[in-house]
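Q: the amino acid sequence is not available; the structure is as follows:
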């Protein structure tokens, strides 16, 4: 009986993990700089969410001293239209207040960006973003700017 159970388990597991071609879109890495009020953002996050009918997985990266790189512990992006979401903090961690990255510098900021379908180079696509000072103001159904 143990042999039958073991063989059943092996047969079940051998179908997992997919050895055929992947249907997932190809990702590539992006890196760059992010400033707020013309100063590098000390700590934060940047997310790349497919938008405008672009289907696929989102990408992300941490912002440290105004720089990000999806290849450094983040997740690469797919090409096409994306909504980019920025969160920035002062970098003075306050774990007792549940602020591991510090106080927020601005409200979550969003913008649209059209990425090339592929990155033909060996290195990540390099970009620079400026979060406007108006992001300090409480959002009132702000329009998402297109770049």
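A: Now that the structure is in, tell me what you want to look at. Only a predicted model underlies this, so the values are computations on that prediction, with no experimental measurement involved.
Q: make it CA atoms for all contacts and neighbour counts henceforth
A: Will do.
Q: find the centremost residue of the chain, please.
A: Closest residue to the average C-alpha location of the chain: residue 60 at 1.5 Å, with CA atoms, centre = their mean.
Q: wait, isn't residue 102 in contact with residue 96?
A: No. Contact criterion CA atoms under 8 Å: residue 102 and residue 96 do not qualify, at 10.8 Å.
Q: neighbour count winner among the two?
A: Between residue 102 and residue 96, counting by other CA atoms under 10 Å, residue 102 is the more crowded of the two (19 against 7).
Q: so residue 96 sits in a helix?
A: Yes. Under DSSP: H, G, I helix; E, B strand; the rest coil, residue 96 falls within a helix.
Q: pull the contacting residues for it.
A: By CA atoms under 8 Å, 6 or more residues apart in numbering, no residues touch residue 96.
Q: for residue 40, see how far away it is.
A: According to CA to CA, to the nearest Å, residue 96 and residue 40 sit 26 Å apart.
Q: ok, residue 99 next?
A: From residue 99 to residue 40 the distance is 19 Å (CA to CA).
Q: so for the two, which residue has more residues nearby?
A: residue 40 (17 against 14).
Q: list the contacts for the more buried one?
A: 33-34, 65-67.
Q: that older thread, and the closest residue to the residue nearest to the centre of the chain other than its chain neighbours, helix, strand or coil?
A: Leaving aside its sequence neighbours, residue 60 sits nearest to residue 47 (CA to CA, 6 or more residues apart in numbering; 4.3 Å). Secondary structure state of residue 47, per three-state DSSP, is strand.
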